[in-house]
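A.B. asks: sequence isn't available, so here's the structure alone:
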């Protein structure tokens, strides 16, 4: 097994918001996920990828058990890539999937201490159809 040519060099949480609704008694809720991906500071072999991920919609906190929003940034580096489609795929699909792995564990930990059952976010595919 060899090291990938596309690497996460550093990741930082830039924002966490958790709002709990103690009066929620809804039992049949469908999970709602929202995300936003931003790629900035692209140079020849480095970029910052930001993933903002939320569970439920903050506008409806009176009808949901909680609202979570987490934003994380990662610095990604790569060896020479001459294919712009491949680079875009790595930055807009692979990088957010890597960053989501950090967010998934945080959401599980936060919800386990909230009084609600632990929420395990499924693996998500960021590929656009």
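C.D. replies: Yep, that arrived. Computed from a prediction, not measured in an experiment: that's the story for all the values here.

A.B. asks: ok now stretch 89-100, how far from the chain's centre?
C.D. replies: The offset between the C-alpha centroid of stretch 89-100 and the centroid of the whole chain comes to 9 Å, using Cα atoms, centre = their mean, to the nearest Å.

A.B. asks: how about it: buried residues?
C.D. replies: Buried residues in stretch 89-100, counted by 16 or more other Cβ atoms under 10 Å: 89-92, 94-96, 98-100. Heads up, the C-betas are built off the backbone N, CA and C, glycines and all.

A.B. asks: go through the residues you listed and name the one nearest residue 18.
C.D. replies: If you rank these by distance to residue 18 using Cβ to Cβ, residue 100 comes first, at 17.4 Å.

A.B. asks: assess the claim that the closest one and residue 124 are in contact.
C.D. replies: Yes. If you go by Cβ atoms under 8 Å, residue 100 and residue 124 touch, sitting 6.2 Å apart.

A.B. asks: picking that back up, from the buried residues of stretch 89-100, which land in helices?
C.D. replies: Counting by DSSP state H, the buried residues of stretch 89-100 place 89, 95-96, 98-100 in helices.

A.B. asks: hmm, back to that, from the buried residues of stretch 89-100, which is closest to residue 49?
C.D. replies: For the buried residues of stretch 89-100, the nearest to residue 49 is residue 95 (4.1 Å; Cβ to Cβ).

A.B. asks: give me the element residue 18 is part of.
C.D. replies: Using DSSP states H and E, residue 18 maps to strand 6-20.

A.B. asks: sheet-wise, list the partners of that strand with their directions.
C.D. replies: With DSSP bridges as the test, strand 6-20 is paired with strand 66-78 (antiparallel).

A.B. asks: mind listing what's buried along the partner strand?
C.D. replies: Those would be 66-76, 78, for strand 66-78 by 16+ other Cβ under 10 Å.

A.B. asks: tell me the mean pLDDT for it?
C.D. replies: Strand 66-78 shows a mean pLDDT of 97.

A.B. asks: what's the answer for stretch 30-38, then?
C.D. replies: Mean per-residue pLDDT for stretch 30-38: 94.
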